[in-house]
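Q: sequence unknown, structure follows:
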């Protein structure tokens, strides 16, 4: 049920008959009680397809907050007493100023911390009633001093300081009065205007999500994989237990001789690169005359419980490279690796180089990838022994990490945008879900093999072993990234919170071959999926012929800002390395590579819930 009301009131809003209002309250309460009984009855049923306890725990913000509050409280026991006293004194002084301002109506003494714009409180209702205005400002003031309080720890290592700041932000975001029905005037107005029906709708949304074990973010019925997302024409021409290989139909009479092979991450579905036709990187690359192949990874399952990094390198990437070479007759491929697949592509190239087979890859492009994890951003807060124990516990019976747990972890990196805003709009206000292709993809979560997952967190994020030559081996072959001489193109997102640009830039120092670094506007997704037709954002590149500097700061100082998409810059870099033009290759016609099924294939259509 859509609620079209915010802070305004109907003329007769406060003139309802008390008996009628009481009867409506009884109706709403009765419906809520019935909904809860039906939910618990369904959850208790042996035949229920509801979410496993682990998935429910993963989406439980209260469980996350309990641990965060405990760690924050423990940290403050080791704080500098004098600094704590000073911060406390400042807080109480500003609190008195806030109360004085509220009592007198004057803003002259209002603390600066409560005057900052915050879109969570953008509705006029927050300022219309003194009680809500006071709640909002008190929260903003307290939040400011929680952050100020992080400065009371003398001699705290920078790594621990960053972790504490991350935990404090989690707590601050969770405690926003906007997240609580009784403290949010927009929620109360929606409930009043709808005679409580908005609360019933929100409750139904919550119960439905609890059954599924994940938070709904969009109208998922508006999309279908293969119909209006992942709909670029092509054929599946090869498959094994790890992946399906898709060859896309050409749209030009001729294509580049060297085929383009794209490795998306297996922690997400590949169609982030093939959303609607207007946003599809895959379709755009096909239109540029590239002979495009894409790996569609299989869901983690009990059948893949044995899968490790070795399998993704040999059975996955190296195998896909050989299959594309065989299907096209080309001596090599131009490869793209996105996120975790970019990291694994780097390892694959080092493995091939150690075997004297590096020439199989003519060039490599890395989308938001990392190989040096020393500055890997906020995800490092989750990459510890506790996380490894959690993965072990969650995967013990299945051999894989449930994708809903992964999604909850990533949502906690941006809790206000990726969690609490949906709690407010969908649960508290009972708003309808809005169709959005990107959110549909984001909700299409994937399971991953637990053995691989644990090793990736332990060896790369926690111990950063990829930076030590020979510390990681694949099938007994020591991995040394310095052996890689393949020409490389590095894309990083200016606002990427998963692969920060400072971390992605380190790729420029990791290999021994020529490279081009490009910094894109926006973040981990929008910084990649930014078609030229959109006319959005910008990117930064070095002047022609200039050598890549040693630091990101030096790059930024020397780089030129270019408006719009970076895709044309990339294709201009790629085309000279793509060979001569040949007759367009038709998927499914190469000997030994008959069409198995139409793109996007069945692997990507396997949906957890």
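A: Thanks, I have it. Keep in mind it's a predicted model, so treat the numbers as computed, not measured.

Q: make it CA atoms for all contacts and neighbour counts henceforth
A: Fine.

Q: Run through the protein and note the low-pLDDT ranges.
A: Within the chain, the ranges that satisfy pLDDT under 70 run 1-78, 154-156.

Q: my read: residue 597 touches residue 239, true?
A: No - under the criterion of CA atoms under 8 Å, residue 597 makes no contact with residue 239, lying 10.5 Å away.

Q: Which one's more surrounded, the two?
A: Each of residue 597 and residue 239 has its neighbours counted (other CA atoms under 10 Å); residue 239 has more, 19 against 15.

Q: count of neighbours near the residue lying closest to that one once chain neighbours are set aside?
A: Closest residue to residue 239 apart from its sequence neighbours, by CA to CA, 6 or more residues apart in numbering: residue 245 at 6.0 Å. Neighbours of residue 245 under the rule other CA under 10 Å: 25.

Q: Report the contact partners of residue 245.
A: Residue 245 makes contacts with 236-239, 293-296, 320, as judged by CA atoms under 8 Å, 6 or more residues apart in numbering.

Q: try it again with 10 Å
A: Residue 245 is in contact with 235-239, 261-262, 293-297, 320, 323-324, 596, 599-601, counting by CA atoms under 10 Å, 6 or more residues apart in numbering.

Q: which residues are in contact with both of residue 597 and residue 239?
A: residue 246.

Q: Verify the stated contact: residue 328 with residue 237.
A: No - taking CA atoms under 10 Å as the definition, residue 328 is not a contact partner of residue 237, at 11.7 Å.

Q: So those two - more neighbours on which side?
A: Counting neighbours by other CA under 10 Å for residue 328 and for residue 237 shows that residue 237 has the greater number, 27 against 19.

Q: Secondary structure element holding the more buried one?
A: strand 234-239 (DSSP states H and E).

Q: Quick one: distance of that strand to the chain centre.
A: Distance of strand 234-239 from its chain centroid, counting by CA atoms, centre = their mean, to the nearest Å, is 28 Å.

Q: So which elements touch that strand?
A: For strand 234-239, the elements it packs on are strand 243-248, strand 292-297, helix 319-328, strand 597-598, judged by 3 or more CA pairs under 10 Å, 6 or more residues apart in numbering; DSSP states H and E.

Q: Which residues does that strand contact?
A: 244-250, 292-298, 320, 323-324, 327, 586-590, 592-603.

Q: Give me the buried subset of those residues.
A: Those of these that meet the buried threshold are 244-250, 292-298, 320, 323-324, 327, 587-588, 593, 595-596, 598-601, 603, by 16 or more other CA atoms under 10 Å.

Q: List phi and psi for residue 541.
A: phi -140, psi 160 (degrees, to the nearest 10).

Q: Contacts only, for it.
A: Shown in contact with residue 541 (CA under 10 Å, 6+ apart): 516-520, 548, 555-556, 558-562, 566, 569.

Q: same thing but 7 Å
A: Shown in contact with residue 541 (CA atoms under 7 Å, 6 or more residues apart in numbering): 518-519, 559-561.

Q: So the most centrally placed residue in the chain versus residue 268, what's the distance?
A: Nearest to the mean C-alpha position of the chain, by CA atoms, centre = their mean, lies residue 410 at 5.4 Å. Taking CA to CA, to the nearest Å as the measure, residue 410 and residue 268 are separated by 12 Å.

Q: joint contacts of the two?
A: Joint contacts of residue 410 and residue 268 (CA under 7 Å, 6+ apart) do not exist.

Q: Residues in contact with stretch 275-287: which ones?
A: In contact with stretch 275-287 (CA under 7 Å, 6+ apart) are residues 228-230, 232, 250-252, 273-274, 292, 437, 529, 531.

Q: same thing but 6 Å
A: The contact list for stretch 275-287 (CA atoms under 6 Å, 6 or more residues apart in numbering) reads 229-230, 251, 273-274, 531.

Q: Setting aside sequence neighbours, what's the nearest residue to residue 446?
A: Nearest to residue 446 is residue 403, by CA to CA, 6+ apart, at 4.6 Å.

Q: and the gap between that neighbour and residue 591?
A: 37 Å.

Q: Looking at the two now, which is surrounded by more residues?
A: Neighbour comparison, residue 403 and residue 591: the larger count goes to residue 403, with 22 against 9 (by other CA under 10 Å).

Q: mind listing what the more buried one touches?
A: Applying CA under 6 Å, 6+ apart, the residues near residue 403 are 445-447.

Q: now do 7 Å
A: Contacts of residue 403 (CA under 7 Å, 6+ apart): 445-448.

Q: cool, residue 228 as well?
A: Residue 228 touches residue 276, counting by CA under 7 Å, 6+ apart.

Q: One more: residue 518?
A: Contacts of residue 518 by CA under 7 Å, 6+ apart are 490-492, 539-541.

Q: Paired strands for the helix or strand where it lies, with orientation please.
A: Using DSSP H and E, residue 518 maps to strand 515-520. Strand 515-520 has its sheet partners listed here by DSSP bridges as strand 488-493 (parallel), strand 538-541 (antiparallel).

Q: Rebuild those strands as TSV, extending it with distance to residue 507.
A: What follows is the strands paired with strand 515-520, written out as TSV (distance: least, CA to CA, whole Å):
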stretch	distance to residue 507
strand 488-493	7
strand 538-541	16
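
Q: Please, which helix or strand holds the residue lying closest to residue 151 once chain neighbours are set aside?
A: Leaving aside its sequence neighbours, residue 151 sits nearest to residue 83 (CA to CA, 6+ apart; 7.9 Å). In this structure, residue 83 sits in helix 81-104 according to DSSP H and E.

Q: which parts of that helix are buried?
A: 84, 87, 91, 94-95, 97-98, 101-102.

Q: for stretch 263-271, same thing?
A: By 16+ other CA under 10 Å, the buried positions in stretch 263-271 come out as 263-271.

Q: swap in stretch 312-331?
A: Counting neighbours by 16+ other CA under 10 Å, the buried set in stretch 312-331 is 312-318, 320-328, 331.
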